[in-house]
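Student: Sequence isn't available, so here's the structure alone:
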């Protein structure tokens, strides 16, 4: 593999940093939105905890699988797929009508978020 130019290396670093920012920002926004979600979705405390914990649980359980998948088929490919899956999960989260579907959509988001943590292009 040829050596990347300094400009290209900075671009790759910026892309990786932005993906981590997006995934981290999503969790921060969720924590801020919990009171509104509780009111709008008629959720109990346990359900709200699952909206946060489902993401973390999936993220942690796929850690080794995501790394080995990236080694096999390429980091750039897995990274790009992660951004697509995370975006799809975010779209699903914005459209769900109840808490159970929100938890499932957060799990989809976590799959994409895991792939988005990998060093990218």
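Tutor: Everything's here; your move. Here the structure is a predicted model, which is why all the values come from computation and not from measurement. Numbers count the residues shown, from 1 in each chain.
Student: Can you give me the buried ones in the top helix by length along the chain?
Tutor: For the chain, the helix reaching the highest residue count under DSSP state H is reported as helix 6-41. Within helix 6-41, the residues scored as buried using 16 or more other CB atoms under 10 Å are 12, 16, 19, 23, 26, 30, 37, 41. (C-beta placed from N, C-alpha, C; glycine too.)
Student: Assess the claim that the fifth one and residue 109 are in contact.
Tutor: Yes: checked against CB atoms under 8 Å, the pair residue 26 and residue 109 is within contact range at 7.0 Å.
Student: what sits in contact with each of these two?
Tutor: Listed as contacting both residue 26 and residue 109 by CB atoms under 8 Å, 6 or more residues apart in numbering are residue 90.
Student: so after the longest helix of the chain, what's the next helix or strand?
Tutor: Toward the C-terminus, helix 6-41 is succeeded by helix 45-61 as the next helix or strand (DSSP states H and E).
Student: Where does pLDDT dip in the protein?
Tutor: Low-confidence segments of the chain (pLDDT under 70): 1, 117-121.
Student: So what touches stretch 29-38?
Tutor: With CB under 8 Å, 6+ apart as the test, stretch 29-38 has contacts from 43, 44, 45, 48, 51, 52, 99, 102.
Student: how about the first one, what does it touch?
Tutor: For residue 43, the contacting residues are 37, 51, 99, by CB under 8 Å, 6+ apart.
Student: And the second one, how close does it get to residue 21?
Tutor: Relative to residue 21, residue 51 is positioned 21 Å away (CB to CB, to the nearest Å).
Student: next one: the first one
Tutor: Spatial separation of residue 37 from residue 21 under the definition CB to CB is 22 Å.
Student: and residue 47, how many neighbours?
Tutor: Neighbourhood size, residue 47 [other CB atoms under 10 Å]: 17.
Student: related to what we said a few turns ago, nearest to residue 115, of the buried residues of helix 6-41?
Tutor: When those are ranked by distance to residue 115 (CB to CB), residue 19 comes first, at 9.3 Å.
Student: And for that closest one, nearest residue in space, chain neighbours not counted?
Tutor: residue 116 (4.3 Å; CB to CB, 6 or more residues apart in numbering).
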